[in-house]
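Enquirer: quick one: sequence and predicted model below, then my questions.
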Amino acid sequence: MGRTALVTGGSRGIGAAISKALKAEGYDVAATYAGNDEAASKFTEETGIKTYKWNVADYGESQAGIARVEADLGPIDVVVANAGITRDAPFHKMTPEQWNEVIDINLTGVFNTVHPVWPGMRERKFGRVIVISSINGQKGQFAQVNYAATKAGDLGIIKSLAQEGARAGITANAICPGYIGTDMVMAVPEKVREQIIAQIPVGRLGEPEEIARCVVFLASEDAGFITGSTISANGGQFFV
Ligand code: CAA
């Protein structure tokens with residue numbers, strides 16, 4: 001097939017499952033990470049997927065990192081903006097630092113990731129932009145004013161990019177995972193997590209691979225008529 005895919009936050013959690021699933025489909029995959037060198041080299045050793053370190057919140061670093069990926073693997077055809085963090089706190093306790101950190105990484109990080117690859121996609125008349133949003137961008141969440149704002153923002157981004165990319169063969173879609181069994185969800189206090197699982201009709205957390213399979217579909221040629229859409233993969237916890 002010979003297509004190249006970039007997955008931010010692609011060496012851990014949902015991102016790692018996405019990187020592996022795309023590689024299994026024949027893509028040349030580059031996975032970015034922010035800080036955990038050890039986890040990244042272990043991931044590369046185990047999977048053969050190249051990892052690149054940069055801070056998605058920084059435009060210059062993203063631009064330089066993407067140039068390195070394209071020099072190594074060729075033009076990026078599929079970009080998966082997956083990197084994200086939580087800094088949960090009830091609004092009355094949320095600090096400006098907690099607000100800014102989440103906005104910079106989760107929301108500005110999407111701009112910084114997609115903007116440098118967009119001109120090449122337009123020129124080549126093909127592209128797949130896939131943003132990993134969240135159920136909590138759709139429904140809101142106690143203690144996540146910052147995170148929910150970014151995840152709702154993702155939906156505005158893909159709906160706008162869908163309109164701009166349509167004539168250039170570029171689709172832009174979002175996936176809204178529900179609660180998936182990753183480090184991020186495991187960091188929620190156990191008692192709270194049990195309450196959350198009780199609200200999921202299928203009665204369990206999702207698996208990272210269940211999100212990865214949605215990405216593989218949206219990245220495929222077969223999904224060319226789907227743009228500006230959101231796939232909700234949340235075990236029936238919330239319907240839009
Ligand atoms: N709804 C209503 N009230 C709630 C609540 C909820 N969901 N969660 C907590 N409260 C209440 C508490 O019962 C408590 O009430 P009282 O003061 O009357 O007892 C009050 O809020 C404040 O509680 P705390 O003082 O314990 O608050 P805290 O400052 O210690 O913060 C917390 C605790 C951060 C809210 C913690 O409970 C938590 O992490 N909750 C989970 C938040 C969550 O779901 N995050 C999602 C992470 S996973 C993710 O984001 C991935 C994804 O995309 C799905």
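Expert: Everything's here; your move. Residues are numbered from 1 along each chain as shown.

Enquirer: doesn't residue 51 make contact with residue 34?
Expert: No - because the distance of 11.0 Å does not satisfy C-beta atoms under 8 Å, residue 34 is recorded as not touching residue 51. Where C-beta positions appear, they are placed from N, C-alpha and C, glycine not excepted.

Enquirer: can you tell me what sits against the helix or strand of the chain with the lowest mean pLDDT?
Expert: Per-element confidence for the chain was summarised using mean pLDDT, DSSP states H and E. The lowest value among helices and strands belongs to helix 183-186, with a mean of 92. In this structure, residues lying in contact with helix 183-186 by C-beta atoms under 8 Å, 6 or more residues apart in numbering are 12-13, 85-86, 179, 193, 205.

Enquirer: tabulate the CA atom coordinates of the helix or strand following that helix in PDB.
Expert: Moving toward the C-terminus from helix 183-186, the next helix or strand (DSSP states H and E) is helix 190-198. Output of helix 190-198 as PDB, limited to C-alpha atoms (Å, rounded to 0.1, in the frame of the first residue of the first chain):
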ATOM      1  CA  GLU A 190     -11.000   3.000  42.100                       C
ATOM      2  CA  LYS A 191     -14.300   3.800  43.800                       C
ATOM      3  CA  VAL A 192     -15.100   6.400  41.100                       C
ATOM      4  CA  ARG A 193     -14.100   4.000  38.400                       C
ATOM      5  CA  GLU A 194     -16.500   1.400  39.700                       C
ATOM      6  CA  GLN A 195     -19.300   4.000  39.600                       C
ATOM      7  CA  ILE A 196     -18.400   4.800  36.000                       C
ATOM      8  CA  ILE A 197     -18.400   1.100  34.900                       C
ATOM      9  CA  ALA A 198     -21.900   0.800  36.500                       C
END
